[in-house]
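**Q** The following comprises the amino acid sequence and a computationally predicted model.
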Amino acid sequence: MAYVRKEDAVAVRNELKKAFPDMRFSVRVRHHSALDVSLMKGPSKFLSLFDDASDYEKNDMHRSLNHFHPHHYGKHESFVKKVSEIVHNAPGRADSDRMYFDDSDAQTDYFYTAFYVTLAIGKWDKPFEVMKKKK
């Protein structure tokens, strides 16, 4: 049964801070079975993940990311891969009993994983913000 603890979220948050010190992430535990990770503040280069410039004006700056197919994000592929690697492996590095596994078989409707993961840019109620460049 999928299960994730607050300590796992803390481990992920700490590693994300080390790997991306110029960005701000939200890491939450959802229903004790999933980690929700959202990039909340970052450089303007992430604006290219949004479909068109009008989204920025509408304050609709949130998108889900598919961590199973990072190649869909072009120049951001390495970023999505790195975030996914941290989210899946940080709990195991902090506590060896929390290693990630996924022995699911969707064809037989058998889901057995350490925990579920959702990645996003922004949230539905709090949009992604572009960080100002430091002078």
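**A** Ah, there it is.

**Q** quick check: longest helix of the chain.
**A** helix 77-94 (DSSP state H).

**Q** for that helix, packing partners?
**A** Contact here means 3 or more C-beta pairs under 8 Å, 6 or more residues apart in numbering; DSSP states H and E; on that basis helix 77-94 packs against helix 6-19, strand 34-42, strand 116-121. Every residue, glycine included, has its C-beta placed from N, CA and C.

**Q** which one of these is the most hemmed in?
**A** Comparing those by mean neighbour count (mean count of other C-beta atoms under 10 Å), strand 34-42 ranks first with a mean of 20.

**Q** angle of that strand against helix 77-94?
**A** Using axes from the mean of the first three to the mean of the last three C-alpha atoms, to 10 degrees, the inter-axis angle of strand 34-42 relative to helix 77-94 is 130 degrees.

**Q** from the middle of its chain, how far away would strand 34-42 be?
**A** 5 Å (C-alpha atoms, centre = their mean, to the nearest Å).

**Q** Show me what it is packed up against.
**A** If contacts are counted by 3+ C-beta pairs under 8 Å, 6+ apart, strand 34-42 sits against helix 6-19, strand 24-30, helix 77-94, strand 116-121, strand 129-130.
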